[in-house]
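> Please find the sequence and the predicted model below.
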Amino acid sequence: MRSAGKLIAQGRGLAPALLARAAQLVLDWDTRGRSRFDATASDGQRLGVFLPRGQVVRGGDVLVTEDGALVRVVAAAQPVLVVRACASHGSPLDLLRASYHLGNRHVPLEVRADHLKLEPDPVLAAMLRAMHLVVSEERAAFEPETGAYAGHAGAHTHPHGAAHVHDHDHGPDHAGR
């Protein structure tokens, strides 16, 4: 079994030709949300992933094995609930309200400008429908938010897919976080 302990976020800086030749690792969120796991790549090789605790793997990231091989991570399509404001009488405020209630329940949530995604849960689906939101069951990649302080070293992936690194000056009440 090969091991991978390094991650290149979104394959940043790697030549497209290298990425095209790399084996793929198709993983659902349950697996990508862990920093240590075993999986089988598209080339049949077993891979043990050992990342720093708390680090998550996103679709588009590239893992580097101990021998320098690259493995592209693909976010697997999985069952999700997609939540949208009602087209006839809803508003973006409805999605904000839903995000608030789901956040209070610590529900992993993917937040987009026009919809939310969460893992299937019939109780939450009923709650959201009672809030006059449109809830559909779909199969799609799931990339939930990791929290305001997760990976707070300044790297951010934005909804348009671009990753940016920012220097932050948070002031004295936010130092060291």
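Now that the structure is in, tell me what you want to look at.
> switch to C-alpha atoms for all contacts and neighbour counts from now on
OK.
> what residues are up against P52?
5, 35 (C-alpha atoms under 8 Å, 6 or more residues apart in numbering).
> Give the full set of residues in contact with the nearest residue to E110 once chain neighbours are set aside.
Counting by C-alpha to C-alpha, 6 or more residues apart in numbering, E110 lies nearest to P144, which is 3.9 Å off, once chain neighbours are set aside. P144 is in contact with 108-111, 117-118, counting by C-alpha under 8 Å, 6+ apart.
> Name the secondary structure element that contains P144.
Element membership for P144, per DSSP states H and E: none, as it lies in no helix or strand.
> how close does it sit to G103?
Distance, P144 to G103, using C-alpha to C-alpha, to the nearest Å: 12 Å.
> Give me the buried stretch members for stretch 104-120, please.
Residues 108-111, 115-120 are the ones in stretch 104-120 that count as buried (16 or more other C-alpha atoms under 10 Å).
> Out of those residues, which comes closest to R12?
E110 (22.4 Å; C-alpha to C-alpha).
> is it true that that closest one touches T146?
No: using C-alpha atoms under 8 Å, E110 makes no contact with T146, being 9.2 Å away.
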